[in-house]
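Trainee: build me a model from this:
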Amino acid sequence: KGDQSKAFSDVPRPGFDKGLRSASDVSQFAHARPTYVDTRPNHLRGYSIKKPWDQPKLLANAVRRSRTSWKLAATVDRRGLVASQQLFGIWAKESNVSLEVMCAILNGPVASAFSRGHSVGARLLVSAIKNIPIPHELPNTVADKVRKYVSAINDHGTVLSASNDLVSGLLNEVDAEILQAYDLPPRLERALLEQFRK
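Mentor: Numbering: from 1, shown residues only. Alright, predicted model coming up:
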């Protein structure tokens, strides 16, 4: 309740930590420039601030970003950013799991379709994110491809400007490797991909 603009600042202030404020601040494998988020205990609801925000994690939108089929976007954060309630913080349970691989799974078509189908309204449900199917064997080779893609979009300034063949090709390679790891029957894979051509 109250003036939500007071919960964020573009300059450092006591009780404010660097973070992201909006679901639209996260896109696939990237995020907007951080701002400062009010983390003073008496201004917070719930206990999310007690999560290990300073640890490496994924940040993903908790509110649907668009009317298109791609509802879910995630990025790796190793800078210790905090996030508003419009975003999820997601930590690996096992230290040997690559955040880049986790990020590729969340940005893939299976995760996007599943989260869309298991949420209602504009908000993505925590249960939907927790229950996203994971391939039996994680394709750890995809981590290098994710790093190359992130490097390429950084070189081009923004994700939106990264529409050239090199960048598009790298993203397609990541998606293809993740989809292959699910080993879906051809008919089901075609039906899934058809949802993203609409």
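Trainee: against which helices or strands is the lengthiest helix in the chain packed?
Mentor: Of all the segments assigned as helix in the chain under DSSP state H, the longest by residue count is helix 165-182. When contacts are defined as 3 or more CB pairs under 8 Å, 6 or more residues apart in numbering; DSSP states H and E, helix 165-182 packs onto helix 99-106, helix 109-117, helix 142-155. (C-beta placed from N, C-alpha, C; glycine too.)
Trainee: show me where this protein has its strands.
Mentor: Assigned by DSSP state E, the strands in the chain fall at 8-9, 16-20, 26-27, 30-31, 35-38, 57-61, 74-77, 82-83, 87-90.
Trainee: quick one: distance of the third one to the chain centre.
Mentor: Put plainly, it is strand 26-27. Put simply, strand 26-27 sits 6 Å off its chain's centre (CA atoms, centre = their mean, to the nearest Å).
Trainee: count of residues packed around the closest residue to residue 167 other than its chain neighbours?
Mentor: The shortest distance from residue 167 to any non-neighbouring residue, by CB to CB, 6 or more residues apart in numbering, is to residue 152 (4.8 Å). When neighbours are defined as other CB atoms under 10 Å, residue 152 has 18 of them.
Trainee: kindly report the same for residue 33.
Mentor: Neighbour count for residue 33, taken as other CB under 10 Å: 8.
Trainee: and if you look at the one 5 residues further on?
Mentor: Neighbouring residues of residue 38 were enumerated by other CB under 10 Å; the total is 19.
Trainee: hey, which helix or strand in this protein has the poorest pLDDT?
Mentor: Counting by mean pLDDT, DSSP states H and E, the weakest-scoring helix or strand in the chain turns out to be strand 8-9, with a mean of 74.
Trainee: in its sheet, what does that one sit against?
Mentor: As defined by DSSP bridges, the strand partners of strand 8-9 come to strand 35-38 (antiparallel).
Trainee: from residue 38, how far off is the residue most central in space within the chain?
Mentor: Centroid-nearest residue in the chain: residue 74, 1.1 Å away (criterion: CA atoms, centre = their mean). According to CB to CB, to the nearest Å, residue 74 and residue 38 sit 24 Å apart.
Trainee: ditto for residue 80
Mentor: Using CB to CB, one obtains 16 Å as the distance from residue 80 to residue 38.
Trainee: swap in residue 71?
Mentor: Separation of residue 71 from residue 38 (CB to CB): 28 Å.
Trainee: what sits opposite residue 30 in the beta ladder?
Mentor: When bridges are called by DSSP bridges, residue 30 pairs up with residue 27.
Trainee: so it touches residue 149, yeah?
Mentor: No. In this structure residue 30 lies outside contact range of residue 149 using CB atoms under 8 Å: 9.5 Å.
Trainee: give me the more crowded residue out of these two.
Mentor: Legend: neighbour count by other CB under 10 Å for residue 30 and residue 149, higher for residue 149 (28 against 19).
Trainee: and that one, what pLDDT?
Mentor: Listed pLDDT for residue 149 reads 93.
Trainee: list the contacts for it?
Mentor: Residue 149 sits next to 29, 167, 170-171, 174 when contact means CB atoms under 8 Å, 6 or more residues apart in numbering.
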